[in-house]
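Student: Next one to model:
(one chain, ligands or ions: 2)
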Amino acid sequence: MTDSSLDPIAALKSDHAAVRTVLNNLDGYLKKISLVSSAGLRNNLINQLNEITAFIDKDLEMHFKKEENALFPVLGSHIGTETGPVHVMLIEHAQSRELSLEFKSKIKKYRDSGDYNSIVNIGYAFVKLLSEHIDKEEQILFNIADIQLSKEEKHGIMENFLIITSQTV
Ligand SMILES: [Fe+2]
Ligand SMILES: [Fe+2]
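Tutor: Ligands and ions are numbered 1, 2, ... in the order given. Model prediction:
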């Protein structure tokens, strides 16, 4: 097994495992929010989404930064960033950030609007986008990276990960 403290691809995969767990939890909350019949219970469930949006803002953002500022530039020097898989991944990061802003805004407005359907719909769209994004990275991009990147490049990316994670967001 590859050591995630030495190999950048293994490190990103270990981030993905944490993201998948949160997406699973989010999916569970969304189901309950749409099914529950009591407004009080629904309010409680919606309040608990704050923990998930905090993860998205902090941990997911950190993961995106590792990819955007460390992996993608080096991988891009091999396969380009204007078109192809790196380009697509960057577009999906932007879409994920947009959905997360919308999601947080709907949660904030819920107290006045009572509109939980928008929270549920945007939440599901976020889960779908990010699950598919992670699958694509693991099935396509990371395999390309494993083949293209030299040992030295991987080492350099790993060092940049450490710099990125030591910086507070
Ligand atoms: Fe990504
Ligand atoms: Fe990723």
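
Student: Which elements pack onto the host helix or strand of residue 94?
Tutor: Taking DSSP states H and E as the definition, residue 94 sits inside helix 84-113. Where contact means 3 or more Cβ pairs under 8 Å, 6 or more residues apart in numbering; DSSP states H and E, helix 84-113 is packed against helix 49-55, helix 61-66, helix 72-79, helix 116-136. Backbone N, C-alpha and C define where each C-beta goes, glycine included.

Student: buried sites along the first one?
Tutor: Right, helix 49-55. Buried residues in helix 49-55, counting neighbours by 16 or more other Cβ atoms under 10 Å, are found at 49, 52, 55.

Student: between those, which is nearest residue 138?
Tutor: Closest approach between the buried residues of helix 49-55 and residue 138, by Cβ to Cβ: residue 55, at 19.6 Å.

Student: confidence score at the closest one?
Tutor: Per-residue pLDDT puts residue 55 at 98.

Student: switch to numbering from 24
Tutor: Sure, I'll start numbering at 24, so the last one becomes residue 78.

Student: Check the spacing between it and residue 61 real quick.
Tutor: 27 Å (Cβ to Cβ, to the nearest Å).

Student: For the residue nearest the centre of the chain, give me its contacts.
Tutor: Nearest residue to the geometric centre of the chain (Cα atoms, centre = their mean): residue 83, 4.5 Å. Residues in contact with residue 83, defined by Cβ atoms under 8 Å, 6 or more residues apart in numbering, are 42, 45, 119, 123, 153.

Student: could you redo the last one with a cut-off of 7 Å?
Tutor: Taking Cβ atoms under 7 Å, 6 or more residues apart in numbering, we find residue 83 in contact with residue 42.

Student: Please report the distance of it from residue 90.
Tutor: Remark: distance between residue 83 and residue 90 (Cβ to Cβ) = 11 Å.

Student: do residue 59 as well
Tutor: Applying Cβ to Cβ to residue 59 and residue 90 gives a distance of 36 Å.

Student: The two: who's more crowded?
Tutor: Neighbour count, other Cβ atoms under 10 Å: between residue 59 and residue 90, residue 90 has more, with 23 against 15.
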